[in-house]
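In: Provided below for reference: sequence and predicted model.
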Amino acid sequence: MMGNLFQTVRKMQKISQREIATLAGITPSALSQFETENGTLSTSALLKIAPLININPDFILNNSGNPFKSEKLIKMYLPGLTRLDFSMLHTLYEANSKIDFLAMHPDNPVHDKIFGQHSYGPAILAIAVEDQDRNLFLFRRTERRSDGGAIVGMLDFQKEVNEKTRKSSEKLVSFRTIKITRVLADNIKNGTAARENIEPLFLDVNNILPPERSKAEKNLLRTIQERGLRLEDVEPHKFAMALEILLEMQVKLREVFKDP
């Protein structure tokens, strides 16, 4: 139901009812009744609320299609204690014909020791998602715990999605797990990570560099892309190669992201 979706999305983005009600020009009570399916709101009110919680206005008008729309990084917190609730990830999967999931954990040996000892599979810091409309999501867990806020249960979610996908020829789904720099990990932890930090992680190296580029060059770019390295972090004997292909990538990115 629409009210339940609004409530779930709002809570997962840690936005209060009072804040939304004030900005939308309605009372918190009216919003509460709508979210609990005990009341209704006008279409104009819903269209005011939509961008505040990154809901797609077209979804409100047609009650179909992609529920989300945002040019910014949509940050959400997975509910649950020991066993996290992946319902929103399932919602994204069902709503999109193409979707990519990216599990991230810091390139930190100490962190690896903490994140490698869970009964529900490997634990990770955050999950980034890119949907068919190039909306970008970043999921973390809500509670601060002794395990560093690790997300567990991703393997179970992946198995469920893969099983569904095998039964549908209309879905394109990918899963990857990568290590990220401490800087990006810190930005994720303190809530300052932005779209420009996450978007490059989803770029396909094979589409950025032409076929004539060597396997070594593509592997180098993939390492730079996945680990968020700066040029000064690249090994000296690979610096010239890295600089050349990054400049070429910059030209390609301008083509990819230019306005239609």
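Out: Sure thing, it's come through. Residues are numbered from 1 along each chain as shown.
In: quick one: the strands in this structure?
Out: 73-78, 98-106, 126-130, 136-141, 172-180 (DSSP state E).
In: okay, these in TSV with distance to Q7 and mean pLDDT next?
Out: In this view, the C-beta of every residue, glycine as well, is placed from N, C-alpha and C. Output for these, formatted as TSV (distance: least, CB to CB, whole Å; pLDDT from 0 to 100):
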stretch	distance to Q7	mean pLDDT
strand 73-78	13	96
strand 98-106	23	90
strand 126-130	21	96
strand 136-141	18	95
strand 172-180	27	87
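In: using JSON lines, please lay out these together with mean neighbour count and distance to F59.
Out: Converted to JSON lines, the strands of the chain look like this (neighbours: other CB atoms under 10 Å; distance: least, CB to CB, whole Å):
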{"stretch": "strand 73-78", "mean neighbour count": "19", "distance to F59": "14"}
{"stretch": "strand 98-106", "mean neighbour count": "21", "distance to F59": "16"}
{"stretch": "strand 126-130", "mean neighbour count": "23", "distance to F59": "17"}
{"stretch": "strand 136-141", "mean neighbour count": "23", "distance to F59": "15"}
{"stretch": "strand 172-180", "mean neighbour count": "16", "distance to F59": "21"}
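In: can you tell which of those is closest to A50?
Out: strand 73-78 (12.7 Å; CB to CB).
In: quick one: strands adjacent to the closest one?
Out: Strand 73-78 has the following strand partners under DSSP bridges: strand 136-141 (parallel).
In: the strand it pairs with to strand 98-106, inter-axis angle?
Out: Calculated by axes from the mean of the first three to the mean of the last three CA atoms, to 10 degrees, strand 136-141 forms an angle of 50 degrees with strand 98-106.
In: got a list of contacts for stretch 92-103?
Out: For stretch 92-103, the surrounding residues in contact (CB atoms under 8 Å, 6 or more residues apart in numbering) are 65-68, 89, 122, 124, 126-133, 137, 151, 154, 158, 161, 164, 170-178, 201-202.
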